[in-house]
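*Asks:* Below is the sequence, then the predicted model.
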Amino acid sequence: GDSVTQTEGPVTVSESESLIINCTYSATSIAYPNLFWYVRYPGEGLQLLLKVITAGQKGSSRGFEATYNKETTSFHLQKASVQESDSAVYYCALGDRYNQGKLIFGQGTKLSIKP
Amino acid sequence: GPKVLQIPSHQIIDMGQMVTLNCDPVSNHLYFYWYKQILGQQMEFLVNFYNGKVMEKSKLFKDQFSVERPDGSYFTLKIQPTALEDSAVYFCASSLEGGQSAETLYFGSGTRLTVL
């Protein structure tokens, strides 16, 4: 079936250190997968961080980046130098180009940044 | 940025009663969604709604569930009657378009429903 697996949290990283949150997906019934990273800051709703709809391409936003790798079915989230304000829960999600808003989410990774 | 509001943030109800969860979507959006997240589990798609109709629903969208958006007001999820397994956080989302590739969904912060 279709599924998303991501780094199990919680994850703690020191400020200015690098970050990687792993995400792998299985899209057996989706012909054209789209990949997303959403983020939920404390007390707020989920918001889109970045998205990539074409395999091989990279998305980036707020210093984060992720590359859609069809060969390894991965979409890892990386940042070279984290800030305290990056503390949040990060969700990797899989979508279908032709299906309206039906996303398959990973379990979420809670990230805490140590000052 | 655009905001989706969910009211209330927490609701406690006795099993067998009816509950209505309210969502105020982004004002010019046309597509609406509900997702359900049981504690410790992944957020899962329930239903999407456009032009007054359910477009697609998952197997989690039981017969006791219904959605509507009367007169362009709140988008609601009604559960009647509620069961213990309905306890979860329910997230509403909206998008401007639904048929486009990688359409961005805007989510509310969720309503935690506790069924006793």
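*Replies:* Looks like it arrived, so ask away. Numbers count the residues shown, from 1 in each chain, chains lettered A, B, ... in the order given.
*Asks:* residue nearest the centroid of chain B?
*Replies:* residue B:34 (3.0 Å; C-alpha atoms, centre = their mean).
*Asks:* so it bridges to which residues?
*Replies:* Beta-bridge partners for residue B:34, by DSSP bridges, are residue B:47, residue B:92.
*Asks:* Would you mind confirming that it is in contact with residue B:43?
*Replies:* No. In this structure, residue B:34 is not within contact of residue B:43 by C-beta atoms under 8 Å, at 10.6 Å. (Each C-beta comes from the backbone N, C-alpha and C, glycine too.)
*Asks:* any residues in contact with both of these two?
*Replies:* The contact sets of residue B:34 and residue B:43 overlap at residue B:91 (C-beta atoms under 8 Å, 6 or more residues apart in numbering or on different chains).
*Asks:* returning to that earlier point: in contact with the residue nearest to the centre of chain B, which residues?
*Replies:* Residue B:34 touches B:21, B:23, B:46-47, B:67, B:77, B:90-93, counting by C-beta under 8 Å, 6+ apart.
*Asks:* got it, and residue A:109?
*Replies:* A:6-11, A:21, A:89-91.
*Asks:* what's the closest non-adjacent residue to it?
*Replies:* Residue nearest to residue A:109 in three dimensions, not counting chain neighbours: residue A:9, with 4.2 Å by C-beta to C-beta, 6 or more residues apart in numbering or on different chains.
*Asks:* That neighbour against residue A:111, yeah?
*Replies:* Yes. Using C-beta under 8 Å, residue A:9 makes contact with residue A:111 at a distance of 6.9 Å.
*Asks:* can you list the residues of chain A near chain B?
*Replies:* Counting by C-beta under 8 Å from any C-beta of the partner chain, chain A comes close to chain B at A:4, A:32, A:34, A:36, A:38, A:43-48, A:51, A:53, A:91, A:95, A:97-108.
*Asks:* tell me how far stretch A:1-11 is from the chain's mean position?
*Replies:* Relative to its parent chain, stretch A:1-11 has a centroid offset of 9 Å by C-alpha atoms, centre = their mean, to the nearest Å.
*Asks:* make that stretch A:102-109, sorry
*Replies:* 9 Å.
*Asks:* Alpha carbons only: can I get that stretch in CSV?
*Replies:* The C-alpha trace of stretch A:102-109 is given here as CSV (Å, rounded to 0.1, in the frame of the first residue of the first chain):
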residue,chain,number,x,y,z
LYS,A,102,-5.8,13.3,0.0
LEU,A,103,-2.4,13.3,1.7
ILE,A,104,-0.7,10.3,3.4
PHE,A,105,1.3,11.5,6.4
GLY,A,106,4.2,10.1,8.3
GLN,A,107,3.9,9.9,12.0
GLY,A,108,5.7,13.3,12.6
THR,A,109,9.1,14.0,14.1
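*Asks:* For that stretch, what does the pLDDT average out to?
*Replies:* Computed over stretch A:102-109, the mean pLDDT rounds to 94.
*Asks:* Mind listing what's buried along that stretch?
*Replies:* A:102-109 (16 or more other C-beta atoms under 10 Å in any protein chain shown).
*Asks:* swap in stretch B:40-55?
*Replies:* Quick answer for stretch B:40-55 (16+ other C-beta under 10 Å): B:42-50, B:55.
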